[in-house]
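Engineer: below are the sequence and a predicted model for it; my questions follow.
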Amino acid sequence: MHSKANEPSACLPVWRYEQAADALAAAKKVVVRVGGGGRDAGAEIAELLELVDAVTITSPLVSGVIPYDHPRNLTVGGSKGSICGNFAQDNCDLLLAIGSRAVCQSDSSRTAYSRVRTVININADQEAATHYGRTLALVGSAKATLQKLIEVIKQRGGQPTGASSEWFQSCAAKKREWDAFKAQRYEKGVLEDPIWGTVLMQPAAIKAAADWTRGKPDVVNFFDAGDVQADGFQVVEDDRLGRTFTETGASYMGFSVSAIMSTALTANSFYGLAFTGDGSFTMNPQILIDGIEHGARGTILLLDNRRMGAITGLQQAQYRDEHSTNDQVPVDYMAWARSVRGVSAFGPIESKSALEDALEEAYRGDGLALVYVPVYFGPDELAGLGAYGRWNVGNWAEDTQALRHEIGL
């Protein structure tokens with residue numbers, strides 16, 4: 001039996017909303033950070049952004065909670081965030097966190113908000129709501145609490161601010177810079193790799209596949225842990241929730257390929273596209289057998305750069321060097337897939353048009369397929385999307401650790 005005791009509830013003390021409204025009115029540069037707990041509050045978040053002249057950065061978990069092309073959506077921030085998302089984090093003076101756990105990668109090991117002097121934190125979990133110092137905690141569900149906060153702001157005369165503020169304009173310029181930065185890499189498309197020869201760059205491959213899925217209303221994207229995931233949540237441009245699901249916060253290698261099994265279990269039929277790297281796939285290839293046994297419908301898009309690319313990128317960003325993140329062992333993933341009767345295999349794929357054709361053919365096959373794409377890894381600056389945030393990976397990055405203590409948030 002449904003119980004009202006289990007219904008989501010708003011934060012109760014009225015004075016907390018009044019304090020929050022005062023803080024938002026006094027701030028000049030507001031950032032709204034949206035985590036998984038804010039996934040059902042997209043309409044309220046969009047309204048609040050306009051009322052307080054804020055921009056938002058979003059967790060990969062809630063891609064599409066605010067459409068990518070919304071002018072106030074600066075997408076992801078953190079150790080693998082966007083140029084615009086990290087600009088907003090580094091320059092805001094007030095943080096409004098909604099349903100966010102503030103894990104180390106999302107807030108650059110607690111150094112992302114270096115100029116913030118006030119935090120408003122909406123979360124149903126009290127520990128998460130009081131994560132930062134100098135915090136006004138609104139302990140309650142995101143949607144209901146935001147509705148009350150918006151009501152108080154309007155009662156105090158709050159009106160949509162428009163797009164004329166210096167804060168909004170500077171953030172919008174950074175988002176244009178980010179879009180141009182990505183477009184340059186998509187246009188380049190291929191590079192000469194010392195191992196593979198001429199192959200696709202990983203961001204271009206992910207972009208081609210993500211664009212293909214938007215033309216298929218029944219296709220859901222799953223992203224694995226690692227470099228594919230990091231590039232993926234920087235590339236996708238979701239217009240709604242539910243197009244993309246990504247493993248974040250647990251580094252569970254094999255998440256995306258395992259998730260394809262859900263297509264065989266759900267009452268509402270859909271087709272899964274699992275974006276995975278060579279490392280993550282080898283952690284859980286059981287899907288090749290289980291998927292056929294149970295009738296899964298989907299494609300494994302395997303992007304092979306012969307290394308742990310995300311860790312390599314962070315090592316290079318922090319220490320200007322890399323250590324023990326690659327191997328010299330060739331693996332024939334096509335033969336591996338074909339060894340399981342019923343799995344279709346396509347590849348090696350060497351161009352965006354060939355990738356789109358392979359995805360389309362696999363989709364029409366309506367069973368389980370693997371599309372194999374070797375991708376470039378190397379020093380060319382056009383090869384990836386970069387790392388703009390900090391991450392101390394424990395306390396090994398001394399500069400980041402020192403900055404964390406200096407900020408003291």
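Structural biologist: Received the coordinates, thanks. Because the structure is predicted, anything quoted here is derived from the model rather than measured.
Engineer: need the helices for the stretch 1-150 of the chain, in chain order.
Structural biologist: Assigned by DSSP state H, counting those that start in this stretch, the stretch 1-150 of the chain shows helices spanning 14-26, 42-51, 83-91, 126-129, 142-155.
Engineer: low-confidence ranges, the stretch 251-400 of the chain, go.
Structural biologist: Along the stretch 251-400 of the chain, the parts satisfying pLDDT under 70 run over 307-321, 323-325, 387, 393-396.
Engineer: reformat the helices of the stretch 1-150 of the chain as CSV; add mean neighbour count, mean pLDDT and distance to Glu356.
Structural biologist: (C-beta placed from N, C-alpha, C; glycine too.) Shown next, in CSV, are those (neighbours: other C-beta atoms under 10 Å; pLDDT from 0 to 100; distance: least, C-beta to C-beta, whole Å):
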stretch, mean neighbour count, mean pLDDT, distance to Glu356
helix 14-26, 17, 95, 45
helix 42-51, 19, 97, 30
helix 83-91, 24, 95, 28
helix 126-129, 16, 92, 41
helix 142-155, 20, 96, 38
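Engineer: possible to save the ones you listed as CSV with distance to Thr111?
Structural biologist: CSV is the format used below for the helices of the stretch 1-150 of the chain (distance: least, C-beta to C-beta, whole Å):
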stretch, distance to Thr111
helix 14-26, 22
helix 42-51, 24
helix 83-91, 9
helix 126-129, 19
helix 142-155, 25
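Engineer: those: which one's closest to Leu136?
Structural biologist: For Leu136, the closest of the helices of the stretch 1-150 of the chain is helix 14-26, at 5.6 Å, according to C-beta to C-beta.
Engineer: what angle do the closest one and helix 142-155 make?
Structural biologist: For helix 14-26 and helix 142-155, the angle between their directions (axes from the mean of the first three to the mean of the last three C-alpha atoms, to 10 degrees) works out to 70 degrees.
Engineer: what angle do helix 42-51 and helix 14-26 make with each other?
Structural biologist: Interaxial angle, helix 14-26 versus helix 42-51 (the same axes, to 10 degrees): 50 degrees.
Engineer: got the contact list for helix 14-26?
Structural biologist: 11, 30, 52, 54, 94, 96, 118, 120, 136-138, 148-149, 152-153, 156, 158 (C-beta atoms under 8 Å, 6 or more residues apart in numbering).
Engineer: quick one on the thing from earlier: wait, which of the helices of the stretch 1-150 of the chain is closest to Thr198?
Structural biologist: Here helix 83-91 is closest among the helices of the stretch 1-150 of the chain (C-beta to C-beta), at 28.0 Å.
Engineer: output that closest one as PDB - backbone C-alpha positions only.
Structural biologist: Output of helix 83-91 as PDB, limited to C-alpha atoms (Å, rounded to 0.1, in the frame of the first residue of the first chain):
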ATOM      1  CA  ILE A  83      35.900  24.300 -20.800                       C
ATOM      2  CA  CYS A  84      32.700  26.200 -20.000                       C
ATOM      3  CA  GLY A  85      31.600  24.100 -17.000                       C
ATOM      4  CA  ASN A  86      35.000  24.500 -15.300                       C
ATOM      5  CA  PHE A  87      35.100  28.200 -16.100                       C
ATOM      6  CA  ALA A  88      31.800  28.600 -14.200                       C
ATOM      7  CA  GLN A  89      33.100  26.500 -11.300                       C
ATOM      8  CA  ASP A  90      36.300  28.500 -11.000                       C
ATOM      9  CA  ASN A  91      34.600  31.900 -11.100                       C
END
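Engineer: related to what we said a few turns ago, so which of the helices of the stretch 1-150 of the chain is nearest Ser339?
Structural biologist: Nearest to Ser339 among the helices of the stretch 1-150 of the chain is helix 83-91 (42.2 Å), distances taken as C-beta to C-beta.
Engineer: how far does that closest one sit from its chain's centre?
Structural biologist: Remark: helix 83-91 is offset 15 Å from the chain centroid, using C-alpha atoms, centre = their mean, to the nearest Å.
Engineer: and it, what does it pack against?
Structural biologist: Counting contacts by 3 or more C-beta pairs under 8 Å, 6 or more residues apart in numbering; DSSP states H and E, helix 83-91 is packed against strand 54-58, helix 166-188.
Engineer: adding mean neighbour count, write the ones you listed out as TSV.
Structural biologist: Conversion of the helices and strands packed on helix 83-91 to TSV gives the following (neighbours: other C-beta atoms under 10 Å):
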stretch	mean neighbour count
strand 54-58	27
helix 166-188	16
